[in-house]
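**Q** sequence unknown, structure follows:
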């Protein structure tokens with residue numbers, strides 16, 4: 001029972017990463033219009049929000065069980081400030097950065113109605129950095145991520161995410177080309193006057 005919190009922390013961390021990966025993949029599927037529905041059904045967006053919100057819950061469990069564990073002895077500052085932990089500081093720092101990015105994305109999503117579209121979109125793009133940070137944290141700090149099964153799942157997930165990102169970039173470029181106005185046609189040249197066959201005669205004076 002002395003390591004129960006430690007095992008629970010590892011399990012909740014893996015579940016949080018899986019939920020985060022699902023949210024990123026589903027968000028990419030929505031943005032690339034893979035389902036070819038415009039607009040998408042409401043439950044498509046609801047599922048994306050559910051995955052992100054549930055990831056926040058499991059991250060909270062992950063952090064809470066780490067603080068409750070007496071095996072490594074984490075302090076509150078260790079899970080809030082990057083590079084402050086004494087145990088694998090760089091690996092834990094990736095997790096801390098991922099946690100703050102996740103909170104920023106989720107808070108901005110909840111306040112989307114009150115934020116300018118560009119601001120919300122800029123914050124939401126940090127989901128890619130969030131996914132990378134969480135993956136690096138799991139690979140460098142989690143002993144369970146070195147298992148062969150997890151490596152296969154991770155490789156497949158990274159391959160799909162990379163493919164969808166490339167599809168989104170190509171789709172965005174094609175949309176930008178379609179939005180560009182077509183060049184105005186050159187004005188037709190004015191008709192040239194026909195040459196006179198003979199000089200006009202002056203009217204006779206009476």
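**A** Perfect, thanks for sending it. Computed from a predicted model, the values in this text were never measured in an experiment.

**Q** where does the protein have low pLDDT?
**A** The chain contains residues with pLDDT under 70 at 1-2, 33-41, 142-146, 172-206.

**Q** buried residues in the longest helix along it, which are they?
**A** When the chain is parsed with DSSP state H, its longest helix is helix 148-179. Buried residues in helix 148-179, counted by 16 or more other Cβ atoms under 10 Å: 150, 153, 154, 157, 161, 164, 167, 168. Using the backbone N, CA and C atoms, a C-beta is placed for each residue, glycine as well.

**Q** so which elements touch it?
**A** helix 4-31, helix 127-141 (3 or more Cβ pairs under 8 Å, 6 or more residues apart in numbering; DSSP states H and E).

**Q** picking up where we left off before, ok, of the buried residues of helix 148-179, which one's closest to residue 123?
**A** Top of the list for closeness to residue 123, among the buried residues of helix 148-179 and by Cβ to Cβ, is residue 168 at 17.4 Å.

**Q** how about the nearest residue to that closest one, chain neighbours excluded?
**A** Excluding the flanking residues, the one nearest residue 168 by Cβ to Cβ, 6 or more residues apart in numbering is residue 32, at 4.8 Å.

**Q** what about the one you found, distance to residue 125?
**A** From residue 32 across to residue 125, the span is 15 Å (Cβ to Cβ, to the nearest Å).

**Q** one more: residue 119?
**A** 11 Å.

**Q** residue 62 too?
**A** For residue 62 relative to residue 125 (Cβ to Cβ), the value is 24 Å.

**Q** neighbour count winner among the two?
**A** A direct count of neighbours by other Cβ atoms under 10 Å for residue 62 and residue 125 places residue 62 higher, at 22 against 11.

**Q** list the buried residues of whatever helix or strand that one lives in.
**A** In this assignment (DSSP states H and E), residue 62 forms part of helix 42-68. If you call a residue buried by 16+ other Cβ under 10 Å, then helix 42-68 has these buried ones: 48, 51-52, 54-56, 58-59, 61-63, 65-66.

**Q** how about those residues in a markdown table, adding distance to residue 101?
**A** Output for the buried residues of helix 42-68, formatted as a markdown table (distance: Cβ to Cβ, whole Å):
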| residue | distance to residue 101 |
| --- | --- |
| 48 | 17 |
| 51 | 16 |
| 52 | 12 |
| 54 | 17 |
| 55 | 11 |
| 56 | 11 |
| 58 | 15 |
| 59 | 11 |
| 61 | 18 |
| 62 | 15 |
| 63 | 14 |
| 65 | 21 |
| 66 | 18 |
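
**Q** picking up where we left off before, residues contacting the residue nearest to residue 168?
**A** Neighbouring residues of residue 32 by Cβ atoms under 8 Å, 6 or more residues apart in numbering: 164, 167, 168, 171.

**Q** with adjacent residues omitted, what lies nearest to the second one?
**A** Leaving aside its chain neighbours, residue 167 sits nearest to residue 32 (4.8 Å; criterion: Cβ to Cβ, 6+ apart).

**Q** okay then, goodbye and thanks.
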